[in-house]
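J.: what follows is a predicted protein model with its sequence.
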Amino acid sequence: VQQTEGTHSHPRIGATQRARTMGLLTRLRDFFRWAPASNTLLQEAEEELLRELQTPIVHRRIPCGEGVELNTVETLSEGPPLVLMHGWGAGIGFWIRNIDDLASHFKVYAVDWLGFGGSSRPTFRGRTTEDAEDWWVDSLEEWRAHAGIEKMVLVGHSLGGYLCANYALRYPDRVIKLILVSPVGVPAAPPMDGDKSHADEDMESSSRGQATEGSGNADESGKSQQPIQRRRFPWWALLLAKVIWKATPQTMLRLLGPLGPRLMQGYAERRFLRKVPAGFANYIYQINAHPQTSSGGRATKYILGMWAYALKPLWNRMDSLEVPVSLVYGDRDWMDADAGRRLVHRLNSLHPEMEGSFADMEILEKAGHHLYLDNDEDFADFILRSTEGVPGRVGDLSGGGSPRHEVLEQHPHLPEDLEEELEEAVLPD
């Protein structure tokens, strides 16, 4: 386009130039940040992981309340909805080794909790455990309604398992099956003075004599069913823990500045032993060193006390659960699998009419706390065993041919016919 004296450039060209300039300025700002993390870098890291998928997906943000949205990956597959909810400090990218396998049988949704990952991070203003639980559970229910899901198989890992259990207690009519993956918050905290709490006594008394038939695979691991070990903590450990607990780990990671990515790379290589894509370490860093305040990290302090024990343990509340539940732990898991086993026994004793099928539990071999990454094949098999009989579950999708990964970004609302158009565009004949 030639420009003569006394004329102005085309407004569309001017807008393009401004956009390029703003993009350059954004990248320069990101380059000179003390902590090299930003929304742009998070989106790039996330998309790099999602390109690993073979299943066609829609990637969008779905409203979960006034002015807030949950970052969501939705597979364009058939079957009942299966919703994957990550744990503390994680995100949708942690399910990267599971989505394709599960999409052969379900319509899979991987979702970032409010305050974590790529979801909105509003300021958490609560002051109680109930406030924190409401903050997350209500946002998940709003998300479900906006996503158009009637009922779902709900899978939660660690902190996500604790929150999904709370969701199932509050909205049992919306959950077909509850699956808790190495859930945090099942047992009561061991008392510091060595005295037994009432909750601990309940756990021990209910576990004695309840190793009956119908507990699923709870007894097949051969693990001891001894009471929880109670520990006395030295004064300096308690003081140090209280000081550290005042600041979120995400804040401490940002304070490390340019050393943060190197630290996270070393952690990922040691922890996951190359079982994750090359960009996984950068993804973990971006979701946790995000420049916006980690409201999810702050809200967690009202859920978990020191040593990651729940302030309101699930043990004291699961008697009213109306939804069948499966638990799974890794054989090298740091979570208390014995507490999960006792919970399974207790729930089955409360539902004798289901002959031991109300609750079950398994231990996956060669797996730690992130068992879905450590042993993704056996984890997928566990999900399939746990969901036998779920109405509408389908067989494998036929695949092959052209690339099947399709991403739709930053669209809080989809036209009704968009999914059909995407399927025609990306699914092989």
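T.: Arrived safely, thanks for sending.

J.: for the stretch 251-400 of the chain, what are the low-confidence residue spans?
T.: The model of the stretch 251-400 of the chain has pLDDT under 70 over residues 251-262, 264-269, 273-274, 291-294, 396-400.

J.: redo that, cut-off 80
T.: 251-276, 278, 290-294, 306, 395-400 (pLDDT under 80).

J.: so where do the helices sit in it?
T.: For the stretch 251-400 of the chain, the helices defined by DSSP state H, counting those that start in this stretch occupy 259-272, 280-288, 295-300, 337-350, 371-374, 376-386.

J.: nearest to Glu362, out of the ones you listed?
T.: Of all the helices of the stretch 251-400 of the chain, helix 376-386 sits nearest to Glu362, with 5.7 Å by Cβ to Cβ. Every C-beta, even on glycine, is put in place using the N, C-alpha and C of the backbone.

J.: need the contact partners of that closest one.
T.: By Cβ atoms under 8 Å, 6 or more residues apart in numbering, the surrounding residues in contact with helix 376-386 are 82, 97-98, 101-102, 105, 155, 177, 179, 275, 326, 328, 360, 362, 364-365, 367, 371-372.

J.: quick one, which of the helices of the stretch 251-400 of the chain gets closest to Pro56.
T.: helix 376-386 (18.8 Å).

J.: could I get the closest one in PDB with only the CA atoms?
T.: In PDB, the C-alpha atoms belonging to helix 376-386 read as follows (Å, rounded to 0.1, in the frame of the first residue of the first chain):
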ATOM      1  CA  ASP A 376      -0.800 -44.300  33.100                       C
ATOM      2  CA  GLU A 377      -1.700 -47.700  31.500                       C
ATOM      3  CA  ASP A 378      -2.800 -49.300  34.700                       C
ATOM      4  CA  PHE A 379      -4.500 -46.100  35.800                       C
ATOM      5  CA  ALA A 380      -6.600 -46.100  32.600                       C
ATOM      6  CA  ASP A 381      -7.500 -49.800  33.300                       C
ATOM      7  CA  PHE A 382      -8.500 -48.900  36.900                       C
ATOM      8  CA  ILE A 383     -10.800 -46.200  35.600                       C
ATOM      9  CA  LEU A 384     -12.500 -48.600  33.200                       C
ATOM     10  CA  ARG A 385     -12.900 -51.200  36.000                       C
ATOM     11  CA  SER A 386     -14.300 -48.600  38.300                       C
END
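
J.: may I see the buried residues of it?
T.: By neighbour count on 16 or more other Cβ atoms under 10 Å, the buried set for helix 376-386 is 376, 378-380, 382-384, 386.

J.: hang on, the earlier thing: distance to Arg127 added to the helices of the stretch 251-400 of the chain, as TSV?
T.: Converted to TSV, these look like this (distance: least, Cβ to Cβ, whole Å):
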stretch	distance to Arg127
helix 259-272	30
helix 280-288	24
helix 295-300	11
helix 337-350	28
helix 371-374	33
helix 376-386	37
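
J.: show me where the stretch 1-150 of the chain has strands.
T.: For the stretch 1-150 of the chain, the strands defined by DSSP state E, counting those that start in this stretch occupy 57-65, 68-75, 81-85, 107-111.

J.: can you say which of those strands is nearest to Leu169?
T.: By Cβ to Cβ (comparing all of the strands of the stretch 1-150 of the chain), the closest turns out to be strand 81-85, at 14.9 Å.

J.: so that closest one versus helix 376-386, what angle?
T.: 130 degrees (axes from the mean of the first three to the mean of the last three Cα atoms, to 10 degrees).

J.: shouldn't Ser119 be in contact with Glu69?
T.: Yes. Under the criterion of Cβ atoms under 8 Å, Ser119 makes contact with Glu69 at 6.6 Å.

J.: neighbour-wise, which of these two wins?
T.: Using other Cβ atoms under 10 Å, the more surrounded residue of Ser119 and Glu69 is Ser119, with 26 against 22.

J.: for the residue lying closest to that one once chain neighbours are set aside, give its distance to Leu140.
T.: Leaving aside its sequence neighbours, Ser119 sits nearest to Asp112 (Cβ to Cβ, 6 or more residues apart in numbering; 4.1 Å). Computed with Cβ to Cβ, to the nearest Å, the distance linking Asp112 and Leu140 is 11 Å.

J.: low-confidence bits of the stretch 51-200 of the chain, can you list those?
T.: Low-confidence segments of the stretch 51-200 of the chain (pLDDT under 80): 191-200.

J.: okay, helices next: where are they in it?
T.: Taking DSSP H, counting those that start in this stretch, the helices of the stretch 51-200 of the chain run over residues 99-103, 129-147, 159-170, 198-207.

J.: ok, back up a step: if I look at Ser119 and Glu69, which residues touch both of them?
T.: Both Ser119 and Glu69 are contacted by Arg61, under the criterion Cβ under 8 Å, 6+ apart.

J.: thinking again about what came up before, what do Asp112 and Leu140 both touch?
T.: Any residue near both Asp112 and Leu140 by Cβ under 8 Å, 6+ apart counts here, and that gives Leu70.

J.: which residues touch Ile303?
T.: Counted by Cβ under 8 Å, 6+ apart, Ile303 has contacts 129, 132-133, 159, 162, 185, 310-312.

J.: state the distance from it to Gly161.
T.: Taken as Cβ to Cβ, the span from Ile303 to Gly161 is 12 Å.

J.: mutual contacts of the two, please.
T.: Common neighbours of Ile303 and Gly161 are listed as Gly185 (criterion: Cβ under 8 Å, 6+ apart).

J.: my read is that Gly296 contacts Gly118, right?
T.: No. With contacts counted by Cβ under 8 Å, Gly296 stays clear of Gly118, the gap being 11.8 Å.

J.: which ones are touching the nearest residue to Leu42 once chain neighbours are set aside?
T.: Excluding its sequence neighbours, the residue lying closest to Leu42 (Cβ to Cβ, 6+ apart) is Gln286, at 4.1 Å. Under the criterion of Cβ under 8 Å, 6+ apart, the neighbours of Gln286 are 37, 41-42, 45-46.

J.: distance of Gln286 relative to Gly89?
T.: Using Cβ to Cβ, Gln286 is found at 12 Å from Gly89.
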